[in-house]
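Colleague: need a 3D model of the following:
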Amino acid sequence: MKSTLKYSLIFVLAALIGCQELEREDFNQIYPENFFQNEDDVKNASTAMYRLFHIYSYGGGGLYSHGRFGVNIFTEVSTDIMACRWGDGGTWAAFNEHTWTAENTKGVSDSYYRYNWLSKGEQIIKNIKESPVTDDIKNRYIAQIEGLQGWLAYVLFDLYGGIPIADPEVLENFEEEIYLPRKTNAEMVSYIEGKLNSAAQYLPVSYPSSDWGRITKGAAKTLLLKLYMHEKDWAKAEEVAREIMKPEYGYELLSDYKAVFAVETEINNETILAIPCNVSDFANGWAAHALLPDYPYAIAGAAKWGGYQMEWDFYNTYEANDKRLETIIGEYEAGGVVYNQENHGDRLNLGAIPLKYGVDPSHIGDKAGNDVPVFRYADIILSLAEAINNINNGPTAEAYSLINMVRNRAGLDNLQAGLSKDAFNDALLLERGHEFYCEGHRRTDLIRHGKYVEYAKLKPNNGAAEHKVLYPIPNSAITESKGAVVQNPGY
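Modeller: Prediction:
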């Protein structure tokens, strides 16, 4: 039985380790000097870092929230895959049409300040190193913190470019007023790479189901792969992808695409890293955001807000016999009326319903227990195919076999042979869109393939521009830094 990561004492602990000069109050006498005394303490401290990434956390929306500030949501709405029916003061339109500005960021800059969690991670590491537990315990839990730091830094790097990162020496002098500039691109790559390589030395390849959701060696390696793909370092991408595909990691494609997102099979050998969810606290809210109010859903009383839709133009790029369409609702009947692309009424006006996740029998209101996959083995397979294609200036037989593994699982025939390098990359980009829709990868994929701005310019009322491959830094951050932090070009 899966047990979602628990967060007892997290905010108290995070505050203590991150703000040592605050006047102390008695919170069950939990202080850095008396808390890090045994493995349970150290484990709880590492667990504190996971909260940032989870669904209903961090003031109502963790990094992977299903609300508008989830990095897997607003980035996806900025692409050709996803749109939202809610007006919301123009926020959703700004995401979709690229009309955000530095003065009116419309939410795209809200995640920037989360870089402070990197410093919290350093404080946790410091306290673990000074604790009386064994070196083995220290190494295992410090590895988790470093893996999470690498994960967070990669996400922010992808969104904003360089961010301020306080070195341990700076954190030692926390009483001094120091204004840190943003790291350069090379410095960010070095930081992320260093954290993930260090973490991978001590992380296990798997955990017992009670600790499902903790970062593994495979997850750290996958983040390295994402970094190398981001930088188009195809040789390193190929090397790390082949490492992850070794038998000792134990990853494989499930035979059924839907099983990856079903609550009954959410712990599986395809999911490399997931956000654990349950209906009691950290819940999956996807169905509530996507289902239309009159859609005949299997769970009575399920919340149905009818916001997220897959744009029809993208929906129409699927082959008719693609099994992944079984998770996307392009037609339904309600009140004796059939709603679809031709007769959408005021329901399917923007596109189909990307349901993605299977029915959870314990679903209550807007809360379901389906875990949210962050990285999957299918990504490793398609990334290796892309790296091979770019290294060899065209697809090899192996590259074809890799993309066909994913296509065949979806019930599709092999990809047409004899494609050029560019044509194969185009096929890969489309395959990735079909495979990973609404998982938060599309923006990064489009940018890597040089299509993000091009596709955005096809939309009406668009404000697309080349500099918008990065989001703006909040003006407040620039002001607070006394000019040490510089805005991204173009804003």
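Colleague: correct me, but Ala45 touches Ile124?
Modeller: Yes: counting by Cβ atoms under 8 Å, Ile124 is a contact partner of Ala45 at 5.2 Å. Where you see a C-beta, it was placed from the backbone N, CA and C, and this is true even at glycine.
Colleague: report the contact partners of Ile137.
Modeller: By Cβ atoms under 8 Å, 6 or more residues apart in numbering, Ile137 lies in contact with 39, 42.
Colleague: with Pro293 instead?
Modeller: Contacts of Pro293 by Cβ under 8 Å, 6+ apart are 304-306.
Colleague: please enumerate the strands of the stretch 201-350 of the chain.
Modeller: 271-275, 308-311, 328-329, 332-334, 337-339 (DSSP state E, counting those that start in this stretch).
Colleague: now render the ones you listed as JSON lines, adding distance to Glu103.
Modeller: Shown next, in JSON lines, are the strands of the stretch 201-350 of the chain (distance: least, Cβ to Cβ, whole Å):
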{"stretch": "strand 271-275", "distance to Glu103": "33"}
{"stretch": "strand 308-311", "distance to Glu103": "27"}
{"stretch": "strand 328-329", "distance to Glu103": "37"}
{"stretch": "strand 332-334", "distance to Glu103": "41"}
{"stretch": "strand 337-339", "distance to Glu103": "39"}
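Colleague: most tightly packed of the ones you listed?
Modeller: strand 308-311 (a mean of 24; mean count of other Cβ atoms under 10 Å).
Colleague: remind me what it packs against, helices and strands.
Modeller: Contact here means 3 or more Cβ pairs under 8 Å, 6 or more residues apart in numbering; DSSP states H and E; on that basis strand 308-311 packs against strand 82-84, helix 286-290, strand 351-354.
Colleague: which one of the ones you listed lies nearest to Gln37?
Modeller: With respect to Gln37, and counting by Cβ to Cβ, the nearest of these is helix 286-290 at 40.0 Å.
Colleague: roughly how far is the closest one from the heart of the chain?
Modeller: Taking Cα atoms, centre = their mean, to the nearest Å, one finds helix 286-290 lying 17 Å from the centre of the chain it belongs to.
Colleague: what of stretch 194-214?
Modeller: 17 Å.
Colleague: flag the shaky bits of the chain, pLDDT-wise.
Modeller: Residue ranges of the chain with pLDDT under 70: 1-33, 56-61, 88, 174-175.
Colleague: what's near enough to touch Ser141?
Modeller: Actually, residue 141 is Tyr rather than Ser. Counting by Cβ under 8 Å, 6+ apart, Tyr141 touches 42-43, 45-46, 128.
Colleague: need these in CSV with distance to Asp256, neighbour count and secondary structure, can you?
Modeller: Output for the contacts of Tyr141, formatted as CSV (distance: Cβ to Cβ, whole Å; neighbours: other Cβ atoms under 10 Å; DSSP: H, G, I helix; E, B strand; the rest coil):
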residue, distance to Asp256, neighbour count, secondary structure
Val42, 39, 24, helix
Lys43, 34, 15, helix
Ala45, 38, 27, helix
Ser46, 34, 24, helix
Ile128, 41, 22, helix
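Colleague: what is the nearest of the residues you listed to Val260?
Modeller: Proximity to Val260 was ranked across the contacts of Tyr141 by Cβ to Cβ; first place goes to Ser46, at 26.6 Å.
Colleague: wouldn't that closest one be in contact with Gly121 here?
Modeller: No: counting by Cβ under 8 Å, Ser46 does not reach Gly121; the two are 9.4 Å apart.
Colleague: any common contacting residues for these two?
Modeller: If you check Ser46 and Gly121 against Cβ under 8 Å, 6+ apart, the residues they both contact are Ile145.
Colleague: now do the helices in the stretch 251-400 of the chain.
Modeller: For the stretch 251-400 of the chain, applying DSSP state H, counting those that start in this stretch gives helices covering 286-290, 312-315, 377-391, 397-409.
Colleague: kindly export the last one (C-alpha atoms) in PDB.
Modeller: What that stands for is helix 397-409. The C-alpha trace of helix 397-409 is given here as PDB (Å, rounded to 0.1, in the frame of the first residue of the first chain):
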ATOM      1  CA  ALA A 397      17.900   2.200 -37.200                       C
ATOM      2  CA  GLU A 398      18.200   2.400 -33.400                       C
ATOM      3  CA  ALA A 399      16.600   5.900 -33.400                       C
ATOM      4  CA  TYR A 400      13.600   4.500 -35.400                       C
ATOM      5  CA  SER A 401      13.300   1.500 -33.000                       C
ATOM      6  CA  LEU A 402      13.100   3.800 -30.000                       C
ATOM      7  CA  ILE A 403      10.400   6.100 -31.300                       C
ATOM      8  CA  ASN A 404       8.500   3.000 -32.500                       C
ATOM      9  CA  MET A 405       8.500   1.500 -29.000                       C
ATOM     10  CA  VAL A 406       6.400   4.500 -27.900                       C
ATOM     11  CA  ARG A 407       4.300   4.500 -31.000                       C
ATOM     12  CA  ASN A 408       3.600   0.700 -30.900                       C
ATOM     13  CA  ARG A 409       2.500   1.000 -27.200                       C
END
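Colleague: tell me the buried residues in that helix?
Modeller: Residues of helix 397-409 classed as buried by neighbour count (16 or more other Cβ atoms under 10 Å): 399-400, 402-404, 406-407, 409.
Colleague: continuing past it, what's the next helix or strand?
Modeller: helix 421-435 (DSSP states H and E).
Colleague: hmm, who's touching the next helix or strand after that following helix?
Modeller: Later in the chain than helix 421-435, the nearest helix or strand by DSSP H and E is helix 442-448. Residues outside helix 442-448 that contact it (Cβ under 8 Å, 6+ apart): 75-76, 78-82, 158, 226, 229-230, 232, 429, 432-433, 436, 452, 455, 469.
Colleague: of all the helices of the stretch 251-400 of the chain, which one is nearest Asn340?
Modeller: Short answer: helix 312-315, nearest of the helices of the stretch 251-400 of the chain by Cβ to Cβ, at 10.0 Å.
Colleague: buried stuff in that closest one?
Modeller: By neighbour count with 16+ other Cβ under 10 Å, helix 312-315 contains the buried residues 312, 314-315.
Colleague: for stretch 74-81, same thing?
Modeller: Buried residues in stretch 74-81, counted by 16+ other Cβ under 10 Å: 74-81.
Colleague: next, the buried residues of stretch 181-193.
Modeller: Judged by neighbour count (16+ other Cβ under 10 Å), stretch 181-193 contains these buried residues: 182-183, 188-189, 191-193.
Colleague: give me the residues contacting it.
Modeller: With Cβ under 8 Å, 6+ apart, stretch 181-193 has contacts from 150, 153-154, 157, 161-165, 223-224, 227, 231, 473, 481, 484-486.
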